[in-house]
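Peer 1: Here is a sequence with its predicted model. Questions after.
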Amino acid sequence: GTKTTSVDSTKNEEAKQTITIAAAASLEQSMTKEIIPLFEKEHPDVKIEGTYDSSGKLQTQIEEGAPIDLFISAGEKQMDALVEEQLIEKDSVYDWLENLMVLIVPVNGESKVTSFDTLLNAETIAVGDPESVPAGQYAKEILEGLGTWEKVLGKSSLGTNVTEVLNWVAKGSAEAGIVYATDAMQTNEVKVVETAPEGKGSKAIYPVGITTAGHKKDEAKEFEEFLKTDEVLSIIEKNGFTPIK
Amino acid sequence: MSLLVDIEKKVGSFCLKTKFNTKEQWLGILGASGSGKSMTLKCIAGIETPDKGRIVLNDRILFDSEKGINLPARLRKAGYLFQNYALFPHMTARENILVSVEKGRQKEVLEREAARFQIETLLDQRPAELSGGQQQRVALARIFASEPEVLMLDEPFSALDEYMKEKIFREMMDTLQSFQGEVLMVSHSRNELYEFGEKLLIIQNGLTILEGEKKALFEQPVYVEAAILTGCKNISRIRKVSDCIVEAIDWGITLDVGEHYQENIHTHIGIRAHDIERVITREKNIRNKMSGMVKKIYERPFEIDMLIENGKSEHILWCKVPKGSIKNANLEEDKPITICLPPEKLIYLRER
Amino acid sequence: MSLLVDIEKKVGSFCLKTKFNTKEQWLGILGASGSGKSMTLKCIAGIETPDKGRIVLNDRILFDSEKGINLPARLRKAGYLFQNYALFPHMTARENILVSVEKGRQKEVLEREAARFQIETLLDQRPAELSGGQQQRVALARIFASEPEVLMLDEPFSALDEYMKEKIFREMMDTLQSFQGEVLMVSHSRNELYEFGEKLLIIQNGLTILEGEKKALFEQPVYVEAAILTGCKNISRIRKVSDCIVEAIDWGITLDVGEHYQENIHTHIGIRAHDIERVITREKNIRNKMSGMVKKIYERPFEIDMLIENGKSEHILWCKVPKGSIKNANLEEDKPITICLPPEKLIYLRER
Amino acid sequence: MDISPLLISLKTAVIAIIITFFTGILLAHRVVVMKSEKMKTILDGIFTLPMVLPPTVVGFLLLCLFGVKSPVGKILFQSFGIKIVFSFAATVLAAVVISLPLMYRSARGAFEQIDENLIHAARTLGMTERTIFWKIVMPLSMPGIVSGGILAFARGLGEFGATAMIAGNIAGKTRTLPLAIYTKVSAGDMEGAWFYVLVISLVSFIAIALINYISRKWRKFYK
Amino acid sequence: MDISPLLISLKTAVIAIIITFFTGILLAHRVVVMKSEKMKTILDGIFTLPMVLPPTVVGFLLLCLFGVKSPVGKILFQSFGIKIVFSFAATVLAAVVISLPLMYRSARGAFEQIDENLIHAARTLGMTERTIFWKIVMPLSMPGIVSGGILAFARGLGEFGATAMIAGNIAGKTRTLPLAIYTKVSAGDMEGAWFYVLVISLVSFIAIALINYISRKWRKFYK
Ligand SMILES: Nc1ncnc2c1ncn2[C@@H]1O[C@H](COP(=O)(O)OP(=O)(O)OP(=O)(O)O)[C@@H](O)[C@H]1O
Ligand SMILES: Nc1ncnc2c1ncn2[C@@H]1O[C@H](COP(=O)(O)OP(=O)(O)OP(=O)(O)O)[C@@H](O)[C@H]1O
Ligand code: MOO
Ligand SMILES: [Mg+2]
Ligand SMILES: [Mg+2]
């Protein structure tokens, strides 16, 4: 009994199918600590490797032929582009989560910024680069909605990734910044003063899709389905995301 | 076995133009400091490239500007002893010596050369741990170990003590007897060169001014510059007074001259310090007698050097006498002395 | 003006132990290659640090291991002429010379030193563009320009041609007359040292074996090693035969000895090549006569060197005679010759 | 195309290399004359540290050190009104910190390769250590120093991670060429990216040619 | 704490420094013996290029070059089944490309500082250029080479931008220490970040001490 199992399990180890997922950096904690171990427990024949980075970089990597089976983007733009290029199977794409955009300021000291309306009181504002960072893109859309984008841009430092934006605010380099709600949760050096009002860019949609070039379609599909389970969604919710049902 | 050199090279304001040809004869190269001796050897070794000319060693063309041949130094088999040795600082003496010896023969070669240059006990030391003379011996051993076809020695003995010098010189001469190649030796020591070989090349300001048998050159150096190089200490301009009589302007005396003197050719006269004789008898018919004052005496272990001032002129004659001879009894500074300049010892010279 | 040196230093397996004291006297240091001459000078200059001892220059303590004093080289005012010159390769001769001269005096110093060493035309050349001898002259000029209190010359003339050597030597001697400091000169040329100063230090294997008046040392070098260094070419072990008679074992003859011979002390006997005389008369009562064969003749410009083989032994006597004397008429290799070793010229020696 | 990144980069790289050059040489010299081999190795390690950490992390550490909330940053701001972060000074700071190890290590290697006899000779001639350094040691180590200078300049010019962190990415103020290139590449604007890549390559080429030319003239004697 | 980044980083840095070391020295030697000064400057410029571009951009260029869609990548994949991107080989590739300029430039400086007379002497002794290189040039340039080696190793160890781009950030496979640090910082896990910073600093310290020690033994004679 037990002996055979152990032999089998080593055999399984060799026979295991490995799929590589590329996910937005903000998902790394939830993925590596909870979701993937959970999945692998239920699917002992599948091993999951994850690479985590900004969605823009991941998009480039997929475009350049990086061996990725499943892509979780922190923005629709990147996913759409890949679908357009037929690098992601159109039918497999669905919107998984959303991440709200929030306005943050450094914790200590009186802040002149108390809401999106008073944002222009800040001397320097940290936002992601709208050209390359999805969070920046959303921030731009929000501010365009409020009609202050042009003015804000003049005072902005454009982060090459969200971490940078967060750190700028946390260390007081910038007086205010716009980041994901999940990012704001990572440090107690910043406080959220306002969540983006409903409207364009108020939240980031996290779509999931399977690459056309991947060789492990079945396993990828299995994982994609797994992401929809309540178990996973509750983990995600706990970490600050909002599931899209 | 032969070496033919005929090259020209200009570096900065210095212009070298050397031409010679040796055939199983050792060649000594004599020249003042900065006259181009080292440069000549470097051209042969392939370290410097001449502007034009040819160098042929045993029928192998090492360099020919017309045919566009310029054999790399490595293939020339020209052993060159650098004036500053150029030992590899990171290697022990042993490693330096064996640097170009193939594996199988290392032991044999090492033993042979270490014994020849008496450096057996120094083999594990690095150049920085060797004295100047020891470094030179290691450098010599290294060259011998590379078994060259032509051996070029740039002042090979300058850093050796006199005992070593004499010893190594003799041993080298013996070893070289069996050395199947040309040997060139650069030196400013006329003694060394005199002993060294039959042929001599005298270089002055980059030009070969004389080439020939060493004895002939020492006896008749032809040019003022060559006379100085071969160690003639007393040289004076001359003016003809009458047949067989010239005035030595710089010494302030008139001299009977011998048969070799040619009015139209010779502009200077010289006499070696050894050849000036002290006159102690009162004999009348000694030719070219002169009285003067001993201005300065330098004592050497076996010789006495004197500077003698002619009463009539400020100019000074340099005179060497062996110690212990009766001829130099009672020599004292600032005392009068009578000397003679034997006509057969006078050297007739011209300027180039 | 005085210099006191009493130091010990061990490097590798070599052990230096030097002790001397000069007072307004120039000191010559004579020693074989690798005997520790350069090391001694380097300790004084502050380049090497002795393990223990003291060095005092004109009442300034340069080094004292007990008091923990070790003045930096920069403040010692000890001018050291490196054996390989150590010129700065990136500077012209001019820049090298002026390296330690303050702005205001540069012109004056440069002119003075350039003239002294005849390098006026070389001032804009860099060391790589200078010949060996030229480099040495620049290095000498550089030291003179730094106006040291003690001048240490490590083989200062080894790279100069003989003409330059004699010239610079004399000039330097003249200049040094006015030099208000100590002068040490290291050389393995006994001729140079003999002329150089009154005092002489003889170093052997790192130990000062003799210190004293040069004349006395040349006449009576006491030790076999010192005799070799002062140029004594013939040395033999001896065995007493009877009163006033010893056997020179290595020469295979018995000799009458003079009054200086002391049986219990002397183990060797020596005679300088210059002091061996050729006997041409048939006179009977010449002492220490010996017949032999001329084995080899080396001709030098003004001397003849002979190696003479004793019939009874393989051993060889080295003999020097001036050229042109009647005493060396008909000299030929492989012909018999009679010589004598005058008892008053014999040197009695012992081993250390 | 916006050329402000070029100007900012040029200004940054030039100021940074001047600071790095002298600081690096000074540090190298101090370390070389040091007696203790242990101390040397430790300092080597410390000075090389900015190279092994990801530049972003170095930037983060600088931010912790010079940020307005840090003690140093606070003092600078409250006493002198100087705010380093997000200023041009910060781009220079980042470039200096990141390129210093290159200059330091190259200079150290060069110094160690000098024939010690020349230094001894200089000392016996009465030259002070300072003069020896400037007149002997420096010129003799030129090839190595030049290498270090080229490396440090190139690294300063190309510095990106640390700069972004401490200086931000403010167009016309702290956006250097590497930041501009990165932005363009990320945005998929390959044409714009290539333009800036060309510009930065050109700048570095010209600088290298210049350094090579000057140093060659200087040490022509050497061959 | 996960130690796989340490292992990956160590493996990467060691393999990379071996490649970089020899390639850098070879390139430097080729350039130094070159006659044309112009050519030298141009090559200097090209070999220094990876330093002036932001590492991410270098990574991007590598991705374009070695990606499975690129000609090179295609050939490698179709003929040998080798897929470089997102593999361990990619981390090595990134480290080599980024650290090569350091080794190249340092070695070049060191070579240029050697007394040419020694090379001449070696030639007249009949040594081949190859032997001269290995037995004379290399040992004599040790201080400079060691500097280059330390710099290149440190840079390879700390490489981040290009690695992230071409190798990705796959835990246990391509996540090197710098990537791990970055990930930790991004996730706000400062404690974890500090841990890895400590580890990487330690590794670099040990490596530097080792290199210094070996090279000191080797060139003790030199002083
Ligand atoms: N690169 C150069 N540029 C200008 N002049 C040079 C260069 N190299 C050598 N010289 C000059 O060439 C001349 C010949 O130098 P060389 O080394 O052959 O002299 P030498 O006869 O060996 O003298 P010594 O006996 O002093 O060694 C010297 O006058 C020197 O100044
Ligand atoms: N670092 C060292 N390690 C071991 N031995 C050394 C070291 N430095 C010097 N020596 C030895 O010390 C001895 C003295 O050297 P020094 O240079 O003083 O000799 P020297 O008398 O000047 O000889 P020369 O006339 O040949 O220059 C030599 O035998 C040398 O081998
Ligand atoms: O390694 Mo970086 O953070 O792309 O300069
Ligand atoms: Mg010469
Ligand atoms: Mg010496």
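Peer 2: On my side now, so go ahead. Numbers count the residues shown, from 1 in each chain, chains lettered A, B, ... in the order given. Ligands and ions are numbered 1, 2, ... in the order given.

Peer 1: What residues are bridge-paired with the closest residue in space to A:T242 that isn't next to it in sequence?
Peer 2: Leaving aside its sequence neighbours, A:T242 sits nearest to A:E98 (Cβ to Cβ, 6 or more residues apart in numbering or on different chains; 4.9 Å). Where C-beta positions appear, they are placed from N, C-alpha and C, glycine not excepted. Beta bridges link A:E98 to A:I205, A:T242, judged by DSSP bridges.

Peer 1: ok, the residue of the stretch 251-352 of chain B found nearest ligand 1 - contacts?
Peer 2: Using Cβ to the nearest ligand atom, B:R352 is the residue of the stretch 251-352 of chain B that sits closest to ligand 1, at 17.0 Å. Shown in contact with B:R352 (Cβ atoms under 8 Å, 6 or more residues apart in numbering or on different chains): B:204, B:209, B:223-225.

Peer 1: Doesn't it lie inside a strand?
Peer 2: No - B:R352: not assigned to a strand; according to DSSP: H, G, I helix; E, B strand; the rest coil it is coil.

Peer 1: mind checking how far it is from B:Y194?
Peer 2: Going from B:R352 to B:Y194 by Cβ to Cβ, to the nearest Å gives 22 Å.

Peer 1: Redo the contacts of B:R352 as JSON lines? Include pLDDT.
Peer 2: Below are the contacts of B:R352 laid out as JSON lines (pLDDT from 0 to 100):
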{"residue": "B:Q204", "pLDDT": "87"}
{"residue": "B:I209", "pLDDT": "87"}
{"residue": "B:Y223", "pLDDT": "89"}
{"residue": "B:V224", "pLDDT": "88"}
{"residue": "B:E225", "pLDDT": "85"}
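
Peer 1: The residue nearest to A:T242: what's it in contact with?
Peer 2: A:203-206, A:241-242, A:244.

Peer 1: Equivalent analysis for D:I82, please.
Peer 2: D:76, D:89.

Peer 1: Do you know the pLDDT at the most centrally placed residue in chain D?
Peer 2: Of all residues in chain D, the one closest to the mean position by Cα atoms, centre = their mean is D:S99, 3.4 Å from it. On pLDDT, D:S99 comes in at 93.

Peer 1: from memory it sits against D:T20, does it?
Peer 2: Yes - with contact defined as Cβ atoms under 8 Å, D:S99 reaches D:T20; the gap is 5.0 Å.

Peer 1: Touching both of these two, which residues are there?
Peer 2: D:152, D:156.

Peer 1: Do you have the helices of the chain handy? List them.
Peer 2: Using chain A. Assigned by DSSP state H, the helices in chain A fall at A:2-15, A:28-30, A:36-42, A:55-63, A:76-84, A:134-146, A:149-154, A:162-170, A:181-184, A:217-227, A:230-238.

Peer 1: Switch to chain D, please.
Peer 2: Using DSSP H, helices in chain D cover D:4-33, D:37-52, D:55-66, D:71-80, D:88-112, D:116-124, D:129-131, D:138-140, D:142-158, D:161-167, D:177-186, D:190-218.

Peer 1: Ok, the stretch 151-300 of chain B next?
Peer 2: Remark: helices assigned in the stretch 151-300 of chain B by DSSP state H, counting those that start in this stretch are B:162-177, B:190-196, B:214-219, B:224-229.

Peer 1: which of those helices sits most buried?
Peer 2: Ranked by average neighbour count under the criterion mean count of other Cβ atoms under 10 Å in any protein chain shown, the helices of the stretch 151-300 of chain B are headed by helix B:224-229 at a mean of 24.

Peer 1: Show me what that one is packed up against.
Peer 2: Packing partners of helix B:224-229 (3 or more Cβ pairs under 8 Å, 6 or more residues apart in numbering or on different chains; DSSP states H and E): strand B:199-204, strand B:207-213, strand B:234-242, strand B:268-271, strand B:347-349.

Peer 1: of these, which approaches D:P50 most closely?
Peer 2: strand B:199-204 (59.3 Å; Cβ to Cβ).
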